[in-house]
Structure formats: structure tokens, C-alpha cells
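K.L.:
Need a 3D model of the sequence below.
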Amino acid sequence: MRNHLLAGFAAILFLPVTADAQSAATIRLGGTGNEARVDQVGADGTIDVVMDGAEQRLIARQKDLASLDARLGGIDNRLEVDQGGATADASTALVTMQGSGNQATLHQVADGAGHSATLQQQGAANVALLWQDGSASNVSLTQIGDANQASISQLGVGNDAIVTQIGNLLGIAIDQMGGAQISVTQTR
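P.N.:
Just a heads-up that it's a prediction; the model follows:
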């Protein structure tokens, strides 16, 4: 049985939905088969999530100046985050996943500069999919464990990608357009 938590109402409960409204969502879930959805339609929204167990799923949509801090532990967990908006201000995401078979998908899109994504995965058979559209953005990805895979796409000038993978049977694909800097370290 899948448990659902809809946190899209966060903006309504905390502040009225306006262009400069701030909303905050804090989620703590444990067990098996939980799902949390957060839709923050105002600028400057924050999400703080801790999920432990198996088959947990977080789906989040955030607008301008978004901030995400997510910690997922267990097996077969999924994180899907879209951070974007129309302003020149950037979004930040800090994601930590421990366990096997976990997948993180993160999109950061805005007309401006300075997105920041830090993703750490520890365990086997984890997948990281990161996409940034904007200048002067950075990705820091660390994967520790066997059979981990990652894909990073960055569009815009002055972007950085720093990737560290430790384990066996690792895979990485990086696509940067517009002038960028890449550092990849893979070790056993």
C-alpha cells in the first residue's frame, strides 16, 4: 500500500500565494511505500525532507530562489525535483541518499545564473540525473558504491561539474554547452 502526503498546500497554509511569497515545507516519513508531493508556486520556497525506508518517493516543484535539503535512506527510493522560474535568481539543492537502487532526478532552470546542486549517493546501483540551464551554475556529485550511474547536462557559460565516483562498474555522461569546467575522478 502506498501512503500519500500532498504538501502542495504549503503555500496556502503558510502564506498567501503571491510573486514574493515565501513558503516552507518540512517532511519526515519512514516505512515503506510513502509518497510526498510539494508544489511551491511562490518565490523563495524551501523544502526540508527526511525519508527513511523502502520505496519512498519525493516529487517537488519549486519556483525562483528555491532551496531543497533532502535526505533519503533505504532502498529503491526516488527523488524528482524541478526548480525553475523566470527571474535571474538561482536555486539550490542539497540531496543525500544512502542505500541501494536509489534514483535522483534534478532539473534547475531559470533565465539567470548561479544554480547549485550537491548530490551524494552511497550504496550500489544508484542513478543520478542532473540538468541545469543557466550560467555560472555548479554541480557536485559524489557516488560511493558499485554499479552507480550518472548523467549531467549543463547549458550556459561558466558552469562547473565536479564528479567523484568510487566503486566498480561505474558510468558517467557529461554534456556541457557554452563553455564550462569539468573534473571527474573515478576510483575503485
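K.L.:
what ranges do the helices span in the chain?
P.N.:
Using DSSP state H, the helices of the chain run over residues 10-14.
K.L.:
show me where pLDDT drops low in the chain?
P.N.:
1-21, 86-89, 112 (pLDDT under 70).
K.L.:
Who does the most centrally placed residue in it form a beta bridge with?
P.N.:
For the chain, the residue nearest the mean C-alpha position is L106 (4.1 Å; Cα atoms, centre = their mean). Applying DSSP bridges to L106 gives these bridge partners: V81, L130.
K.L.:
So it sits against H115, correct?
P.N.:
No - distance between L106 and H115: 9.7 Å, which falls outside the contact criterion (Cβ atoms under 8 Å). Every residue, glycine included, has its C-beta placed from N, CA and C.
K.L.:
hey, what's in contact with both of these two?
P.N.:
Taking Cβ atoms under 8 Å, 6 or more residues apart in numbering as the contact rule, L106 and H115 both touch Q83.
K.L.:
what about L29, how many neighbours?
P.N.:
L29: 18 surrounding residues under other Cβ atoms under 10 Å.
K.L.:
For it, list each beta-bridge partner.
P.N.:
In this entry, L29 is beta-bridged to M51, by DSSP bridges.
K.L.:
and what of T96?
P.N.:
R71, Q120.
K.L.:
show me the contacts for it.
P.N.:
T96 neighbours (Cβ under 8 Å, 6+ apart): 70-72, 119-120.
K.L.:
Please apply the same query to T164.
P.N.:
141-143, 184-186.
K.L.:
Between these, identify the one with the most neighbours.
P.N.:
Using other Cβ under 10 Å as the neighbour criterion, Q143 leads the contacts of T164 with 28 neighbours.
K.L.:
Give me the distance between it and L169.
P.N.:
Look at Q143 and L169: by Cβ to Cβ, to the nearest Å, they are 12 Å apart.
K.L.:
Touching both of these two, which residues are there?
P.N.:
Joint contacts of Q143 and L169 (Cβ under 8 Å, 6+ apart) do not exist.
K.L.:
Distance to M51 added to the contacts of T164, as JSON lines?
P.N.:
Converted to JSON lines, the contacts of T164 look like this (distance: Cβ to Cβ, whole Å):
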{"residue": "L141", "distance to M51": "20"}
{"residue": "T142", "distance to M51": "20"}
{"residue": "Q143", "distance to M51": "19"}
{"residue": "V184", "distance to M51": "29"}
{"residue": "T185", "distance to M51": "29"}
{"residue": "Q186", "distance to M51": "29"}
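K.L.:
just checking, which of the residues you listed belong to strands?
P.N.:
Counted as lying in strands by DSSP state E, out of the contacts of T164, are 141-143, 184-186.
K.L.:
re the thing from before, only whichever of the contacts of T96 are buried, select them in PyMOL.
P.N.:
Entered in PyMOL, the line below selects the buried ones among the contacts of T96, by 16 or more other Cβ atoms under 10 Å:
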select buried, resi 70+72+119+120
